[in-house]
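Novice: Whatever this is, show me its structure:
(2 chains)
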Amino acid sequence: MAVTEQQAPAATAGMSSRDQADQPASLVVRFGPDQPLVLDSGGRIDHLQIGYQTYGTLDGNRANAILVCHALTGDQHAANRNPVTGKPGWWDMMIGPGKPIDTDRYFVICANVVGSCMGTTGPASTNPATGRPYGLDLPVITVRDMVRAQAMLLDHLGIESLFSVAGGSLGGMQVLQWAASYPERVFSALPLAAGARHSSQNIAFHEVGRQAIMADPEWRNGRYLEAGTSPRKGLAVARMAAHITYLSDEALHRKFGRNLQDRDKPTFGFDADFQVESYLRHQGSSFVDRFDANSYLYVTRAMDYFDLAAEHGGRLANAFKGSRTRFCVASFTSDWLFPTSESKTVVRALNAAGASVSFVEIESDRGHDAFLLDEPELFSTVRGFLSSAAEARGIR
Amino acid sequence: MNAHTQTFLPGHARVDHLAIAELVTRGSRVLDVGSGDGQLLKLLEETRRVDGRGIEISQKGVNECVARGLSVVQGDADTDLVDYPDDAFDYVILSQTLQATHRPRLVVEQMLRIGRKAIVSVPNFGHWRIRLYMLFRGRMPVTRSLPESWYETPNIHFCTIRDFVELCKEVDARIEKATALRADGTRLHFNAPWWLWNLFGQQAVFLLSR
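Specialist: This is a model prediction of the structure:
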């Protein structure tokens, strides 16, 4: 059989992240070699597996589906308790009954991206050809590949056209890629805290993270899983560096200032004297328990390669030519990873293409991560935009 | 922009909005610069079936527009009009906002580049009440339609109807139509001379072309 579908085992907190790659605690679909995922790199995945979750009910016309796209280290568990961390879903505040992405009205789908490690084929998945984890044998993945895989999932689910595609950061890149690759399948699009390309500075930060992982001897040229180990120190450092870029100077200062951690005076040593150091170390060490180091290499690489204008002859407006999709773009004032200028570039291109676009810059001092947090202005924007789009599409 | 000098007819659309709507051809493409809470765009979509877009400087205004189903981007008329391609719209509208821009001349020029036609409504600083106010009190006028003191008002570039007509000449804009409205919303006679409009019009609406 070309496609097999599996029901979700009951998600219980504390499941090992290692198990999730092949046997996720979510819905999962497996495609056979007759439906390979052909990749931008020229490679292909013959046994594609996609781990995904759904919320709400698909209506009779199959018109109310919203695809939610996750960010770099996110997963399909957008609005349910995460089986590995036991924490609420990463967009729990946004998705649910009566919430801005209202599951009483819409059918929400969230799929783990290709290259990640929570049930969709990635470097930690078992390569059916060898019986070992893919490791670096997996071809390099792009954002367009991720979106192609999602389109295969929608075909499998019998959803021809999406009411909306929404996501922040890498999720927002996927939203833009969806609108460019499958304009006829996207009625509305919400790219948040994102841009049409990864900037040089962002590539630089990612490179620091990757080098930290690869410099860890436990990385073993990507073959650590067979050795029963992992480059924990390298991955933790990668996460620490990246985490700083998700916040802002103001947010860090408000939260920690120069406060000392459990002590009255500095130790004149290299312990975590400052609260901010202790916080970052915690972010790093808790991250390695839930994320695969090679996946971090693959997904950051996918973001680095993302450049929607380059795909369209260097002119971003060409990516959206003739688009009938309604766009709502949002950025945050203190986001220095995807600053407002990146969103404005997208808005300008959409205007030049004559597309229907709304844009709002939301005042927040919480940096890039603001799209994941309790931001009332974001919620009201998303709610208002989706409601009016639903009216136009005849969704009750 | 929160720079409106408005005359509301209770329960109805603003008179200047109605005057603008009359100038817009059905089904045309429209950009409303300074769309506020989206009243005018909504009116144009409902009564003229336009394909409408807006620019609004305040986040609150943009959110209200988005919730109404309007396509509005947060931006500034002074800096963001340059981003739009030539001839992108049939009409570019600036309703009661010109006096709050930093560079009114540039804004009008940009409007006529982006749109085949421009519609501008301006409050008239040459109105007789304002002239009398200044003549007798010797101070910058604070009236019901211009309620802020000079140091608080966002309106930094006031002009009279005749001043605006002069600006149109400066930028080689052709005035295709013009309407002057009295304080009570009634219109001055179409054939009245400029000096009469300038004295009795509280505001004027202009349809311009290149």
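Novice: how far is stretch A:382-394 from where the chain is centred?
Specialist: Mean-position distance between stretch A:382-394 and its chain equals 24 Å (CA atoms, centre = their mean, to the nearest Å).
Novice: do the same with stretch A:42-61
Specialist: 15 Å.
Novice: what's the answer for stretch B:156-171, then?
Specialist: Its chain's C-alpha centre lies 13 Å from the corresponding centre of stretch B:156-171 when counted by CA atoms, centre = their mean.
Novice: Then stretch A:375-395?
Specialist: Relative to its chain's centre, stretch A:375-395 lies at 21 Å (CA atoms, centre = their mean).
Novice: show me where pLDDT drops low in chain A?
Specialist: Scanning chain A for pLDDT under 70 picks out A:1-2, A:6-15.
Novice: Please export the C-alpha coordinates of the lengthiest helix in it as CSV.
Specialist: In chain A, taking DSSP state H as the definition, the longest helix is helix A:376-393. This file holds the C-alpha atoms of helix A:376-393, laid out as CSV (Å, rounded to 0.1, in the frame of the first residue of the first chain):
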residue,chain,number,x,y,z
PRO,A,376,-3.5,41.1,22.5
GLU,A,377,-2.9,43.3,19.4
LEU,A,378,-1.7,40.2,17.5
PHE,A,379,-4.7,38.2,18.6
SER,A,380,-7.2,40.9,17.6
THR,A,381,-5.4,41.3,14.2
VAL,A,382,-5.5,37.6,13.5
ARG,A,383,-9.1,37.2,14.7
GLY,A,384,-10.4,40.2,12.7
PHE,A,385,-8.5,39.2,9.5
LEU,A,386,-9.7,35.6,9.7
SER,A,387,-13.3,36.5,10.5
SER,A,388,-13.6,38.9,7.6
ALA,A,389,-11.9,36.4,5.2
ALA,A,390,-14.2,33.6,6.5
GLU,A,391,-17.2,35.8,5.7
ALA,A,392,-15.8,36.3,2.1
ARG,A,393,-15.4,32.6,1.8
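Novice: for it, packing partners?
Specialist: With contacts taken as 3 or more CB pairs under 8 Å, 6 or more residues apart in numbering or on different chains; DSSP states H and E, helix A:376-393 sits against strand A:101-102, strand A:164-168, strand A:188-192, strand A:326-332, strand A:356-362, helix B:59-67. C-betas here are computed from N, CA, C, even on glycine.
Novice: contact partners of the following helix or strand past the third one?
Specialist: Okay, so that is strand A:188-192. For strand A:188-192, the following helix or strand on the C-terminal side (DSSP states H and E) is helix A:200-215. Residues from elsewhere that reach helix A:200-215 (CB atoms under 8 Å, 6 or more residues apart in numbering or on different chains): A:198, A:219, A:231, A:234-235, A:237-239, A:241-242, A:245, A:293, A:296-297, A:300-301, A:303-304, A:337-338.
Novice: Those in helices, which ones?
Specialist: Of those, the ones assigned to helices by DSSP H are A:234-235, A:237-239, A:241-242, A:245, A:293, A:296-297, A:300-301, A:303-304.
Novice: for those, which one is nearest residue A:19?
Specialist: Taking CB to CB as the measure, residue A:19 lies nearest residue A:293 of the ones in helices among the contacts of helix A:200-215, at 16.6 Å.
Novice: which residues touch the residue lying closest to residue A:218 once chain neighbours are set aside?
Specialist: Distances taken as CB to CB, 6 or more residues apart in numbering or on different chains place residue A:231 nearest to residue A:218, at 4.5 Å, with adjacent residues excluded. Taking CB under 8 Å, 6+ apart, we find residue A:231 in contact with A:213, A:214, A:216, A:217, A:218, A:219, A:220, A:224, A:293.
Novice: The same query, at a cut-off of 6 Å, please.
Specialist: A:213, A:216, A:218, A:219, A:293 (CB atoms under 6 Å, 6 or more residues apart in numbering or on different chains).
Novice: Show the buried residues in these.
Specialist: A:213, A:216, A:219, A:293 (16 or more other CB atoms under 10 Å in any protein chain shown).
Novice: Run through chain B and note the low-pLDDT ranges.
Specialist: Where chain B drops to pLDDT under 70, the residues are B:1-12.
Novice: Residue A:232: how many residues sit nearby?
Specialist: By other CB atoms under 10 Å in any protein chain shown, 18 other residues sit near residue A:232.
Novice: Could you find the closest non-adjacent residue to it?
Specialist: residue A:288 (4.6 Å).
Novice: Name all residues that make contact with the one you found.
Specialist: Counting by CB under 6 Å, 6+ apart, residue A:288 touches A:232, A:235, A:236.
Novice: how close does the last one get to residue A:285?
Specialist: Same thing as residue A:236. According to CB to CB, to the nearest Å, residue A:236 stands 6 Å off from residue A:285.
Novice: Which one of these two is surrounded by more residues?
Specialist: Legend: neighbour count by other CB under 10 Å for residue A:236 and residue A:285, higher for residue A:236 (23 against 15).
Novice: surely the more buried one meets residue A:284?
Specialist: Yes: using CB atoms under 6 Å, residue A:236 makes contact with residue A:284 at a distance of 3.2 Å.
Novice: What segments of the chain are strands?
Specialist: No chain in the question, so chain A it is. Taking DSSP state E as the test, the strands found in chain A are A:3-6, A:27-31, A:37-38, A:44-45, A:49-55, A:65-69, A:95-96, A:101-102, A:107-111, A:164-168, A:188-192, A:326-332, A:356-362.
Novice: right idea, wrong chain: chain B
Specialist: Secondary structure of chain B (DSSP E): strands at B:29-33, B:51-56, B:71-74, B:89-95, B:115-123, B:174-181, B:203-209.
Novice: right, and these - which one's nearest chain A?
Specialist: Smallest distance to chain A across the strands of chain B (CB to the nearest CB): 3.8 Å, for strand B:71-74.
Novice: Touching the closest one from outside, list them.
Specialist: Outside of strand B:71-74, the residues within contact range by CB under 6 Å, 6+ apart are A:347, A:356-361, B:35, B:53-56, B:62, B:65.
Novice: can you pull the contacts of residue 183?
Specialist: Let's take chain A. A:323, A:325.
Novice: look at chain B instead
Specialist: Contacts for residue B:183 (CB under 6 Å, 6+ apart) come out as residue B:202.
Novice: Next, count neighbours for the residue nearest to residue A:259 when sequence neighbours are not counted.
Specialist: Distance criterion CB to CB, 6+ apart; nearest residue to residue A:259, sequence neighbours excluded, is residue A:275 at 4.6 Å. Applying other CB under 10 Å, we find 17 residues neighbouring residue A:275.
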